[in-house]
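Q: what's the 3D shape of this:
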Amino acid sequence: MEEDEFTFIEEQVKHKKSNKVLRIVKKLGLTVIMAAVFGAISALSFYFVYGLFPEKNNSRPMPTYIVNKEETSPAGNSTMPPGNNNYKEKSNEDRLNVYERRYANIAAFCAEQNEMLVIVSETEDDTDYFEGSVEYETSYGGIIISKDNNYIYVLTEGSSDDKSSNYKIMLSDGTKLDAAYQAADTATGFMILSADISDISQSSRKSIKTAKIGTSSDIKKGDMVFAVGEPQGTMYSIAYGYICSDVTRKYLPDRSVTIFDTNMNFTTDASGYVINSDKEVIGIISGSFFDNTSESGCFLGITPLMGLINQLVSGSDRAEAGIILQDIKKEYLDSRGLDNGIYVQDINYGAKVLQEGLAVGDVIISVNGKDVGSVEDYTAILESCSVGEEISFDIYRDYAQDDKYKTITVELGKGS
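A: As a prediction, the model looks like this:
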């Protein structure tokens with residue numbers, strides 16, 4: 001009787017089976033169905049949009065390296081198939097061929113300038129540790145800057161200390177000539193050598209090509225340039241690149257030079273010349289002038305240097321005042337009531353202008369009665385003067401208590 005009494009309790013306590021697995025399966029199924037529906041809707045949307053507006057599908061421009069002269073029809077139209085449907089980019093091998101042709105063309109372009117280049121050999125007599133006679137020979141590059149019926153004039157690097165050295169130059173056809181020291185400039189490190197060509201063969205004469213001088217005044221960022229001579233430290237090496245910054249200036253005694261920076265990387269012992277796409281020399285590479293690695297891609301603009309180079313070619317003495325000057329901003333001139341002027345930044349030790357009263361901080365307004373608005377103006381006036389000539393400087397002295405204007409007369413010295 002007691003067992004029958006509790007039977008109904010055991011029936012009610014039976015555990016219910018879990019539905020957790022079923023719920024997970026339902027959720028997964030619902031997710032798959034939703035994804036399929038969304039994918040179908042997206043596919044239909046893209047189909048209708050691109051069907052209605054097919055030109056949008058072809059709006060992406062073709063890579064510029066795909067089309068070149070060999071890939072255009074005689075009519076000038078591209079032979080590449082239109083649109084993206086049948087479009088395939090060139091293979092890596094084809095693209096490499098394009099670059100190989102480009103570099104070959106650059107090498108050939110630079111090789112055309114070899115006729116204006118020469119190899120300079122310098123031999124210097126000296127004594128060794130045991131007081132024996134020895135000869136030291138060095139070789140470097142140069143450029144034929146000028147010529148007449150009997151002589152060629154080579155621009156290279158050197159100084160007045162090299163007067164006693166013996167020089168030979170080798171033309172591009174292999175002809176060797178004795179050369180003589182003509183003149184040099186210490187501040188820039190430029191030297192001119194002359195060589196007699198009156199006795200060389202007609203074929204060698206024809207191979208001589210003087211440099212075609214361009215202008216560096218209109219160089220701008222992005223311009224493509226080429227380096228010839230010794231840009232990589234060995235003769236007839238080449239480099240190419242582009243101008244990558246605005247022009248800067250460096251101030252030397254009695255002149256300023258313009259400096260251009262490129263993405264080229266010259267060696268520390270580099271020398272050579274920069275030409276533009278018109279085969280004009282627009283700059284000079286000088287490892288001795290640019291003596292730090294941050295300036296490894298820099299060159300000097302040719303235009304402000306041509307007056308000096310022509311003086312060196314003539315071999316005549318150059319007048320010198322020994323003043324390091326700097327261009328002045330218009331705002332400063334306006335604040336002092338000046339129309340023009342250049343700032344005296346420094347004066348060479350022992351310069352006669354220092355003895356006559358010129359001081360650092362003065363502003364030179366005019367030279368020999370001619371207004372100067374830039375250092376280049378001043379240099380042009382000085383280059384027209386002679387050694388020993390007296391010239392006058394009209395100056396403005398801002399820190400003077402009373403009369404701020406003064407005139408100084410000085411005798412010009414001889415440049416080195």
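
Q: Tell me the confidence at Glu100?
A: pLDDT, Glu100: 87.

Q: Just to be sure, it is in a strand?
A: No - membership of Glu100 in a strand is not supported by DSSP: H, G, I helix; E, B strand; the rest coil, which gives helix.

Q: in the stretch 251-400 of the chain, which spans are strands?
A: If DSSP state E, counting those that start in this stretch is used as the criterion, the strands of the stretch 251-400 of the chain fall at 255-261, 271-275, 281-286, 298-301, 319-320, 323-327, 342-347, 363-367, 370-371, 390-396.

Q: elements contacting the fourth one?
A: In this structure, strand 298-301 makes packing contacts with strand 255-261, strand 281-286, judged by 3 or more Cβ pairs under 8 Å, 6 or more residues apart in numbering; DSSP states H and E. (C-beta placed from N, C-alpha, C; glycine too.)

Q: Same check on the last one?
A: Secondary structure elements in contact with strand 390-396, counted by 3+ Cβ pairs under 8 Å, 6+ apart, are strand 363-367, strand 405-411.

Q: Report the strands that pair with the longest one, each with its relative direction.
A: Taking DSSP bridges as the criterion, strand 405-411 pairs within the sheet with strand 390-396 (antiparallel).

Q: Restrict the strand it pairs with to CA atoms and write it as PDB.
A: The C-alpha trace of strand 390-396 is given here as PDB (Å, rounded to 0.1, in the frame of the first residue of the first chain):
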ATOM      1  CA  GLU A 390      90.100 103.300 -56.500                       C
ATOM      2  CA  ILE A 391      86.300 102.800 -56.000                       C
ATOM      3  CA  SER A 392      83.800 104.500 -53.700                       C
ATOM      4  CA  PHE A 393      81.200 102.800 -51.500                       C
ATOM      5  CA  ASP A 394      78.200 104.800 -50.300                       C
ATOM      6  CA  ILE A 395      77.000 103.100 -47.100                       C
ATOM      7  CA  TYR A 396      74.300 103.200 -44.500                       C
END
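
Q: Flag every buried residue along that strand.
A: Buried positions in strand 390-396, judged by neighbour count with 16 or more other Cβ atoms under 10 Å: Ile391, Phe393, Asp394, Ile395, Tyr396.

Q: Just give me the longest strand of the chain.
A: In the chain, taking DSSP state E as the definition, the longest strand is strand 133-147.

Q: now that strand: mean pLDDT?
A: Averaged over strand 133-147, pLDDT sits at 86.

Q: Of all residues in this protein, which one is nearest the centre?
A: Geometric centre of the chain, nearest residue: Thr262, 3.1 Å, by Cα atoms, centre = their mean.

Q: if we can go back for a sec, next one: the longest strand of the chain to chain centre, how far?
A: In terms of Cα atoms, centre = their mean, to the nearest Å, the centre of strand 133-147 is set 25 Å apart from its chain centre.

Q: That strand pairs with which strands, and in what direction?
A: Applying DSSP bridges to the sheet, strand 133-147 is found paired with strand 117-127 (antiparallel), strand 151-157 (antiparallel).

Q: Out of these, which gets the lowest mean score?
A: strand 117-127 (a mean of 84).

Q: For that strand, report the contacting residues that lie outside it.
A: Contacts with strand 117-127, where a contact means Cβ atoms under 8 Å, 6 or more residues apart in numbering, come from 133-144, 154, 156, 158, 162, 164-172, 179, 193, 228-229, 235-236.

Q: buried ones in it?
A: Buried, per 16+ other Cβ under 10 Å, within strand 117-127: Leu117, Val118, Ile119, Val120, Ser121, Glu122.

Q: do the same with stretch 208-228
A: Ile208, Lys209, Ala211, Gly214, Ser216, Ile219, Asp223, Val225, Phe226, Ala227, Val228.

Q: Quick check: the fourth one touching Gly283?
A: No - Gly214 is not in contact with Gly283 according to Cβ atoms under 8 Å; the separation is 9.1 Å.

Q: which residues are common contacts for these two?
A: Common neighbours of Gly214 and Gly283 (Cβ under 8 Å, 6+ apart) are Ile302.

Q: hmm, which helix or strand of the chain has the shakiest average pLDDT?
A: Least confident helix or strand of the chain, by mean pLDDT, DSSP states H and E, is helix 7-12 with a mean of 48.

Q: That's all I had, so thanks and see you.
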